[in-house]
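Asks: sequence unknown, structure follows:
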């Protein structure tokens, strides 16, 4: 009887070890995490100027931190679950490298001309801004709850800043109030 229990225990232990090794082996690679981030961002690999992938233990799980910069000057940051490739959080900043010279020139122009004013009729309405950001997030007004959308003045331009929730995720954004260009976009779990 003791021999049968020992053998059964050994077999059960071996099966548990094999299952654990399979779970670790099933983790996605850093290359796959990069592919997932690029696909989610709808950016082709050819458009990436710089990228970095690091494995990290965060919030009780193994994940990949993926960063990349595109030719258009957008800097993307992703957190991808190592276990199954789920996108845990992401954001991007559209004011990176390509816009710096343009912004510096605009600031110099302002110094040369004095203060810049923006006519209210040249700005998007809050409803137009709401529609643009929902289109960007590929969501409808019925899907989300808007907690806040407000106008502000940032870096010498009128902007809309806002936050809304969908499917236990928090979306934050900043948009140029004149052009509708998304300047910042950040999505993360409400539990983070």
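Replies: Perfect, I can see it now. Given the structure is predicted, the values throughout are model-derived calculations rather than measurements. Numbering: from 1, shown residues only.

Asks: Not counting its neighbours along the chain, what's nearest the residue nearest the centre of the chain?
Replies: Nearest residue to the geometric centre of the chain (Cα atoms, centre = their mean): residue 90, 1.8 Å. Setting aside the residues directly before and after it, residue 90 is nearest to residue 78 in space (Cβ to Cβ, 6 or more residues apart in numbering), at 4.6 Å. Any C-beta I mention is one placed from the backbone N, CA and C, and that applies to glycine too.

Asks: which secondary structure element contains the one you found?
Replies: strand 75-81 (DSSP states H and E).

Asks: now for that strand, which elements pack on it?
Replies: Strand 75-81 sits against helix 30-41, strand 61-70, strand 87-93, with contacts defined as 3 or more Cβ pairs under 8 Å, 6 or more residues apart in numbering; DSSP states H and E.

Asks: and the angle from it to strand 61-70?
Replies: Computed by axes from the mean of the first three to the mean of the last three Cα atoms, to 10 degrees, the angle separating strand 75-81 from strand 61-70 equals 160 degrees.

Asks: and for strand 75-81, what are the contacting residues?
Replies: Contacts to strand 75-81, defined as Cβ atoms under 8 Å, 6 or more residues apart in numbering, come from residues 28, 33, 36-37, 40-41, 43, 58, 61-70, 86-93, 96.

Asks: Pop the domain breakdown of the protein in here.
Replies: 2-93, 115-189 (automatic domain parsing).

Asks: residues touching the nearest residue to residue 85 once chain neighbours are set aside, list them.
Replies: Closest residue to residue 85 apart from its sequence neighbours, by Cβ to Cβ, 6+ apart: residue 28 at 4.7 Å. By Cβ under 8 Å, 6+ apart, the contact set of residue 28 is 36, 64, 80, 82-85.

Asks: ok, what's across the strand from the residue nearest to the centre of the chain?
Replies: residue 78, residue 187 (DSSP bridges).

Asks: While we're on it, how confident is the model there?
Replies: Per-residue confidence (pLDDT) for residue 90: 91.

Asks: Which parts of this protein are strands?
Replies: Secondary structure of the chain (DSSP state E): strands at 48-58, 61-70, 75-81, 87-93, 145-154, 157-166, 169-176, 182-189.

Asks: circling back: hmm, which of the contacts of strand 75-81 are the buried ones?
Replies: Among the contacts of strand 75-81, the ones that count as buried by 16 or more other Cβ atoms under 10 Å are 28, 33, 36-37, 41, 43, 63-66, 68-70, 87-93, 96.

Asks: surely the residue nearest to the centre of the chain meets residue 37?
Replies: Yes: between residue 90 and residue 37 there is a contact at 7.3 Å, judged by Cβ atoms under 8 Å.

Asks: First-to-last residue distance for stretch 160-176?
Replies: 7 Å (Cα to Cα, to the nearest Å).

Asks: could you give the mean pLDDT of that stretch?
Replies: For stretch 160-176, the mean pLDDT works out to 92.

Asks: do stretch 72-81 as well
Replies: Per-residue scores along stretch 72-81 average to 89.

Asks: Show me which parts of that stretch are buried, residue by residue.
Replies: For stretch 72-81, burial by neighbour count (16+ other Cβ under 10 Å) applies to 73-81.
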